[in-house]
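Visitor: Give the three-dimensional model of this entry:
(chains A, B, C and D)
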Amino acid sequence: MTIRMVYFAWVRERIGTGEETIDPPASVVTVADLIDWLAKTSAPHAEAFENRARLRAAIDQDFVALDTPIGAAQEIAIFPPVTGG
Amino acid sequence: MTIRMVYFAWVRERIGTGEETIDPPASVVTVADLIDWLAKTSAPHAEAFENRARLRAAIDQDFVALDTPIGAAQEIAIFPPVTGG
Amino acid sequence: MIHISVQQSAIDIATEMARAEAAGAGAVATFTGLVRADDGVGTLELEHYPGATEAALLKVAEGAVARWTLSAAIIVHRVGPMHPGERIVFVAATAAHRGAALEACAYLIDRLKTDAPFWKRETRGDASSWVEARDNDHAAAARWE
Amino acid sequence: MIHISVQQSAIDIATEMARAEAAGAGAVATFTGLVRADDGVGTLELEHYPGATEAALLKVAEGAVARWTLSAAIIVHRVGPMHPGERIVFVAATAAHRGAALEACAYLIDRLKTDAPFWKRETRGDASSWVEARDNDHAAAARWE
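Guide: Model (predicted):
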């Protein structure tokens, strides 16, 4: 199952790209699992994800908690707390 | 002691003038006394002042309760509850 | 900065917003009251108490400035005859952050409704009548006491 | 009427107010967020999540319409680079009476602050940094729950 990952703000800057396509193993169940797995794929990912408390996520453009199962997600976004308005 | 009376909205319309100069007797102490005295001066005044609960007043352009002494007032306004904004 | 205006002329939003924004702060909250276009009123006439009106509006604006840290408090009120869709009143509060701006804006319009000597007369067809004061205006104003 | 816009171009107040007033109701409350001119920021850049942003803003506006009887709920948010004094965001709520307009306006900006995927980066001189989220934004949003 391939998933389109999208990143914003300093998460995007640290990873060095705004999007990438990934194919996580079956052991990855939740968004938090996905973050743990991605952090092991490269030093930039590890740096971007070093503080889980500062990360937020969306599955298929809906905001979700990090313990949400990814299910059949097509697009998962990881980003810092929002600061609009 | 002469006082300039000013009237607004339906108080003005019922009395038939927006202002007049009066010279009340010494027995007139408060704004309510003044209204009672004025109500006896003409039928239009009586009609304008028939329901005290619907009257508001200002002494020298400051809103006051009807039981406020008129003191050395130069200008007293009588009007309905305000409806601006 | 406090700006008070009681005017016969139409209220220009771009001009008033520019005034509110000129203070350089981050948050501007405004309230605009319009002659309602949906209830059959043909003409609305606003009478006021010249001199006392400006003093009352200044007191309302000063009350807001005393409660919140504002860089601007603006009250513009129209008087005379006006028509459906036209602006009767515009108030604005400018502050560093939105909480103060929003609260001060609500304060300005709530207090204005009870503390400033304006009276509205509505004309519908051939019938003309003075608008009655609303009890809940006093409730709204009282929450700031 | 709900109007949502996420735009690169400047926010035109006269246009947006005309939209808010067109509904014919009596009360329009607005909030405008500006790039603060008083704290040394040279450029503010707004990044967002295309698609998700518009959906989030629509949900915020629908939340307001579900809670209050509104004839208009408007959210306009700018993205891209902007400068001190320029408008970042404009929200407006139009209702028959002022209570609903004022509360709905506060709701729109409070929820937008926590629920819409925007990120601010400030540049002061040569230094650039992402703005940190404020805890009290969550407190402000939570009061509507």
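
Visitor: which one's the longest helix in chain C?
Guide: helix C:98-115 (DSSP state H).

Visitor: which element is the nearest residue to C:T94 once chain neighbours are set aside on?
Guide: Leaving aside its sequence neighbours, C:T94 sits nearest to C:A72 (Cβ to Cβ, 6 or more residues apart in numbering or on different chains; 3.8 Å). C-beta: built from backbone N, CA, C; applies to glycine. According to DSSP states H and E, C:A72 maps onto strand C:70-78.

Visitor: Counting by contacts, list what that strand packs against.
Guide: strand C:2-7, helix C:13-21, strand C:43-48, helix C:52-67, strand C:87-95, helix C:98-115 (3 or more Cβ pairs under 8 Å, 6 or more residues apart in numbering or on different chains; DSSP states H and E).

Visitor: Near chain B, which residues of chain C are found?
Guide: Residues of chain C found near chain B (Cβ under 8 Å from any Cβ of the partner chain) are C:33, C:46-49, C:51-52, C:55-56, C:77, C:88-89, C:109, C:112-121, C:130-134.

Visitor: before we move on, back to that, okay, angle between the longest helix of chain C and helix D:98-115 too, please.
Guide: 180 degrees (axes from the mean of the first three to the mean of the last three Cα atoms, to 10 degrees).

Visitor: one step back: any of the residues of chain C next to chain B buried? List them.
Guide: C:33, C:46-49, C:52, C:55-56, C:77, C:88-89, C:109, C:112-121, C:130-131, C:133 (16 or more other Cβ atoms under 10 Å in any protein chain shown).

Visitor: The nearest residue in space to A:T68 that is not next to it in sequence - how many residues pack around it?
Guide: The spatially closest residue to A:T68, leaving aside those adjacent along the chain, is A:V31, at 5.5 Å (Cβ to Cβ, 6+ apart). For A:V31, the count of nearby residues is 24 (other Cβ atoms under 10 Å in any protein chain shown).

Visitor: residues touching A:V31, list them.
Guide: Applying Cβ atoms under 8 Å, 6 or more residues apart in numbering or on different chains, we find A:V31 in contact with A:A57, A:I59, A:V64, A:A65, A:L66, A:D67, A:T68, A:I70, A:I76, A:I78.

Visitor: if we go to 7 Å?
Guide: A:V31 sits next to A:A57, A:V64, A:L66, A:T68, A:I70, A:I76 when contact means Cβ atoms under 7 Å, 6 or more residues apart in numbering or on different chains.

Visitor: By neighbour count, which of these wins?
Guide: A:I76 (24 neighbours).

Visitor: can you pull up the bridge partners for it?
Guide: For A:I76, the beta-bridge partners under DSSP bridges are A:M5, A:I59.

Visitor: number of nearby residues for A:N51?
Guide: Burial of A:N51 is recorded as 8 neighbouring residues (other Cβ under 10 Å).

Visitor: One more: the one 10 residues further on?
Guide: When neighbours are counted by other Cβ under 10 Å, A:Q61 registers 19.

Visitor: Read off the pLDDT value for the nearest residue to C:M1 once chain neighbours are set aside.
Guide: Nearest residue to C:M1 in three dimensions, chain neighbours excluded: C:A72, at 4.7 Å (Cβ to Cβ, 6+ apart). The model reports C:A72 with a pLDDT of 97.

Visitor: And for A:Q61?
Guide: pLDDT for A:Q61: 95.

Visitor: and chain C, which of its residues are near chain D?
Guide: When proximity is defined as Cβ under 7 Å from any Cβ of the partner chain, chain C approaches chain D at C:13-14, C:17, C:21, C:24-34, C:36-38, C:85, C:98-99, C:102, C:106, C:109, C:140.

Visitor: Check chain A too.
Guide: A:8-10, A:58, A:61, A:77, A:79-85.

Visitor: now, which of these sits nearest chain B?
Guide: Of all these, chain B sits closest to A:G85, with 27.9 Å by Cβ to the nearest Cβ.

Visitor: so who does the residue nearest to that closest one when sequence neighbours are not counted touch?
Guide: Nearest residue to A:G85, sequence neighbours excluded (Cβ to Cβ, 6+ apart): D:K113, at 4.3 Å. Contacts of D:K113 were listed using Cβ under 7 Å, 6+ apart, and they are A:G84, A:G85, D:D137, D:A140, D:A141.

Visitor: tell me the contacts of the fourth one?
Guide: Taking Cβ under 7 Å, 6+ apart as the definition of contact, the neighbours of D:A140 are C:G99, D:D110, D:K113.

Visitor: residue contacts, the second one?
Guide: Under the criterion of Cβ under 7 Å, 6+ apart, the contact partners of D:D110 comprise D:A140, D:A141, D:W144.

Visitor: cool, and the first one?
Guide: Contacts for C:G99 were tallied using Cβ under 7 Å, 6+ apart; they are D:A140.

Visitor: So it versus D:V35, what's the distance?
Guide: 19 Å (Cβ to Cβ, to the nearest Å).

Visitor: Make CSV from the helices and strands packed on strand C:70-78 and add distance to A:P44 to it.
Guide: Below are the helices and strands packed on strand C:70-78 laid out as CSV (distance: least, Cβ to Cβ, whole Å):
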stretch, distance to A:P44
strand C:2-7, 53
helix C:13-21, 41
strand C:43-48, 64
helix C:52-67, 49
strand C:87-95, 40
helix C:98-115, 36
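
Visitor: Comparing the ones you listed, which comes out most buried?
Guide: Of all the helices and strands packed on strand C:70-78, strand C:87-95 has the most neighbours on average by mean count of other Cβ atoms under 10 Å in any protein chain shown, namely a mean of 26.

Visitor: Can you give the distance from that one to the centre of its chain?
Guide: In terms of Cα atoms, centre = their mean, to the nearest Å, the centre of strand C:87-95 is found 6 Å from the chain centre.

Visitor: so who does the residue nearest the centre of chain C touch?
Guide: Centroid check for chain C by Cα atoms, centre = their mean gives C:V89 as the closest residue, at 4.0 Å. C:V89 sits next to B:G85, C:G33, C:V76, C:H77, C:L112 when contact means Cβ under 7 Å, 6+ apart.
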